[in-house]
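[1] take a look and give me a structure for this.
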Amino acid sequence: MVKHRAKTLAALFFCLCLLSAFMAPSYAEGPEETAGTEAVAIDYPPGMGGQWVRIGIQWGDAAVESIDLYCGDGFYAGRIDRDTVNNTFVLDSALTAELEGVTSLSLKAGDYPNGTVFLSRGQDPETRSVRINGKNFRDGFIYFANDAGKLHPISYLTLEHYIWGVVGNEMGSYYPLEALKAQALTARSYALTHLNHHWSAGFDLCSSGDCQVYRGLSSEYESTVRASRETEGQVISYGGQIASTFYYAASGGYTMNSEDVWTAVLPYARGKKDEYCSEYVWTAAISFTELKARMQNYGYEVGDIQSVEVSRVLENGAVNQILVHHSLGDSTLTKNNVMSVMGGSTVKSQFFSLSGSPEVDYENLSVASINMVSDSEAGRSKEPVYVLGADGEPVLLELSELSISSDSETVAAGSGQDTGFSFSHELVDSGTLYFKGIGYGHGVGLPQTSARNMADAGFSAVDIINYYYTNVEITSYRALRGEAEPVQETEPEQDASSETGGESQTPAYEW
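    Below is the predicted model:
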């Protein structure tokens with residue numbers, strides 16, 4: 001009986017070996033199958049060339065217990081070839097075959113190896129998407145569980161699809177086209193110089209302001225997609241390398257040298273007077289108790305704070321160092337740490353005055369009188385305002401015609417690059433720091449509101465880039481890498497409803 005079973009099993013094994021020889025996988029393109037998987041005939045996904053990126057949606061303390069993944073077209077499954085800079089997808093034909101007909105997955109830690117890719121099986125690379133915990137993202141998803149057994153939802157998509165969404169989050173979709181194109185160029189360059197920024201968490205860039213804000217399909221707009229398409233594949237370069245192009249909201253009148261904010265000297269990030277800035281004035285207050293807690297959170301050994309003073313100011317007026325006197329000695333906050341420790345949404349730039357008493361609250365000021373003035377330099381707003389006159393009737397005024405007086409001070413409204421804002425600093429020992437500042441952000445590179453103003457004035461995206469970055473070029477990132485350029489379509493489809501008057505809104509390139 002044992003001998004008979006052994007002969008039968010040997011025969012079956014021989015037949016299976018012959019059968020497997022006729023079931024070798026066929027690929028439209030030829031990536032290797034994952035080692036040890038069953039050979040099954042699966043067509044390779046279309047449109048898989050070019051640069052792909054991994055964007056973390058939730059991670060760290062925000063990691064989740066489970067992920068609901070949905071795609072009406074079904075899934076390809078595979079992994080990323082980590083030997084390529086492009087995050088190239090490698091098909092796992094056996095796992096893809098297992099998922100045949102499956103449109104939804106409920107994922108938990110341990111279900112799949114980290115790095116498993118689930119790609120939409122949609123055949124049009126420009127419309128395929130997946131739904132991750134109820135939100136729609138383009139292209140695909142990467143499975144990753146952390147050491148605590150929780151999951152990091154990760155969006156896996158082409159670089160260009162990523163830029164479509166980033167531009168709409170980082171700059172208002174209503175901004176002029178040339179400003180949006182400048183934003184697309186800076187965002188694409190930033191992304192390519194920060195790949196693997198969050199490698200330990202399984203992705204390249206996060207979806208928050210720590211990297212670039214990305215919220216998936218919901219943040220794509222016709223204007224931002226157009227700006228991205230019209231700059232497709234282009235980056236800002238310096239000396240034959242892609243530049244790490246930082247950007248922020250408002251300059252306050254001057255941009256900053258990179259080493260005056262961080263440490264590295266970036267030759268293309270040189271400070272200058274910003275002739276196109278918009279006035280952005282802010283105020284803030286921080287108690288000594290709050291400052292002590294914030295410094296301790298940043299690792300400073302600090303006792304009870306006794307006094308605070310500005311100890312170094314740059315030629316452009318930016319505060320470069322603050323000295324904190326406390327019961328354990330003295331501590332210094334330098335460069336961008338001034339903003340980071342104080343809180344970037346509280347102390348919004350390095351351009352500020354510091355005092356021990358609050359400024360007059362003009363927004364809620366009890367007005368003693370409203371007077372007409374003729375200071376033409378004061379008013380640069382395009383919008384007039386209504387003021388309630390002494391007779392109770394509203395009067396329409398340009399801001400250049402308006403001043404507000406209290407018993408002791410007068411303020412002229414208006415905005416423009418020559419803000420006339422001056423800084424003063426006191427040694428504060430009263431228990432609370434009061435700030436009045438101008439500008440919003442770290443100050444290195446492109447101020448987005450200034451880009452808008454330049455575009456409104458008729459400047460192109462290239463003009464804007466060349467104004468805020470020094471000695472740079474606009475070029476193809478593929479050319480910089482020595483890669484072949486994608487083939488341009490000879491007869492692109494026409495979209496009669498397009499805002500461009502019939503110009504194609506389909507991709508200019510075929511991957």
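
[2] am I right that Q306 is in a helix?
    No: remark: Q306 does not belong to a helix; assigned using DSSP: H, G, I helix; E, B strand; the rest coil, it is strand.

[3] quick one: secondary structure of the residue nearest to Y467 when sequence neighbours are not counted?
    Spatially, and ignoring its direct neighbours in sequence, Y467 is nearest to M454 (6.8 Å; Cβ to Cβ, 6 or more residues apart in numbering). To be clear about C-beta, it is placed using only N, CA and C from the backbone, and glycine gets the same treatment. For M454, the assignment made with three-state DSSP gives helix.

[4] M454 and A179 touch, don't they?
    Yes: using Cβ atoms under 8 Å, M454 is in contact with A179, at 7.3 Å.

[5] those two: which is more packed in?
    The neighbour comparison of M454 against A179 (other Cβ atoms under 10 Å) goes to A179, with 26 against 23.

[6] what helix or strand does that one sit in?
    helix 177-192 (DSSP states H and E).

[7] show residues contacting the following helix or strand past that helix.
    Using DSSP H and E, the helix or strand that follows helix 177-192 in sequence is strand 205-206. If you take Cβ atoms under 8 Å, 6 or more residues apart in numbering as the criterion, strand 205-206 is touched by 53-56, 59, 191, 194-195, 197-198, 211-212, 214.

[8] the same query, at a cut-off of 6 Å, please.
    Under the contact criterion Cβ atoms under 6 Å, 6 or more residues apart in numbering, strand 205-206 has outside partners I55, G56, H194, H197, H198, C211.

[9] residue contacts, the first one?
    Remark: with contacts taken as Cβ under 6 Å, 6+ apart, I55 is in contact with S155, L205, S207, Y214.

[10] and the last one, by the same measure?
    The contact partners of C211, taken as Cβ under 6 Å, 6+ apart, are L205.

[11] what about it, distance to Q51?
    Distance, C211 to Q51, by Cβ to Cβ, to the nearest Å: 16 Å.

[12] would you reformat the contacts of strand 205-206 as a markdown table and include pLDDT and distance to E259?
    What follows is the contacts of strand 205-206, written out as a markdown table (pLDDT from 0 to 100; distance: Cβ to Cβ, whole Å):
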| residue | pLDDT | distance to E259 |
| --- | --- | --- |
| I55 | 97 | 30 |
| G56 | 97 | 29 |
| H194 | 95 | 19 |
| H197 | 93 | 21 |
| H198 | 94 | 25 |
| C211 | 95 | 22 |
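
[13] pick out the most distant pair among those residues.
    G56 and H194 (12.3 Å; Cβ to Cβ).

[14] what about the two, which has more around it?
    G56 (27 against 16).

[15] now the more buried one, which residues is it bridged with?
    On the basis of DSSP bridges, G56 is bridged to I154, C206.

[16] what of I474?
    I236.

[17] thinking I286 is in contact with T432, fair?
    No: judged on Cβ atoms under 6 Å, I286 makes no contact with T432 at a distance of 7.1 Å.

[18] who are the contact partners of I322?
    Per Cβ under 6 Å, 6+ apart, neighbours of I322: V310, L333, V338.

[19] can you check R121 too?
    D73, G74, F75, Y76.

[20] if we go to 7 Å?
    Shown in contact with R121 (Cβ atoms under 7 Å, 6 or more residues apart in numbering): C71, D73, G74, F75, Y76.

[21] where exactly do the strands run in the stretch 1-150 of the chain?
    Along the stretch 1-150 of the chain, counting by DSSP state E, counting those that start in this stretch, strands occupy 52-56, 66-70, 75-81, 88-91, 104-108, 117-120, 129-132, 135-138, 140-142.

[22] how near is S353 to E98?
    Counting by Cβ to Cβ, the gap from S353 to E98 is 65 Å.

[23] what about these two, which has more around it?
    S353 (20 against 14).

[24] which strand residues bridge that one?
    K436.

[25] so W59 is in contact with H152, correct?
    Yes: shown here, W59 and H152 form a contact pair, counting by Cβ atoms under 7 Å, at 4.6 Å.

[26] joint contacts of those two?
    A201.

[27] pLDDT weak spots in the stretch 1-150 of the chain?
    1-41 (pLDDT under 70).

[28] show me where the stretch 301-450 of the chain has its helices.
    337-342, 448-456 (DSSP state H, counting those that start in this stretch).

[29] may I see the buried residues of the shortest one?
    Right, the one you point to is helix 337-342. N337, V338, M339, V341, M342 (16 or more other Cβ atoms under 10 Å).

[30] and the two most separated of those?
    N337 and M342 (8.9 Å).

[31] if I look at R54, how far off is S66?
    R54 is 20 Å from S66, by Cβ to Cβ.

[32] could you do K436 as well?
    Counting by Cβ to Cβ, the gap from K436 to S66 is 48 Å.

[33] S155 now?
    17 Å.

[34] compare the two (neighbour count), which wins?
    S155 (25 against 12).

[35] my read is that that one contacts N133, right?
    No: using Cβ under 7 Å, S155 is not in contact with N133, being 11.3 Å away.

[36] OK, contacts around the residue nearest the centre of the chain?
    Centrality entry for the chain: nearest residue to the mean C-alpha point is Q212, 1.3 Å, by Cα atoms, centre = their mean. When contacts are counted by Cβ under 7 Å, 6+ apart, Q212 touches V166, E170, A187, Y190, A191, L205.

[37] quick revisit: shared neighbours, M454 and A179?
    I464.
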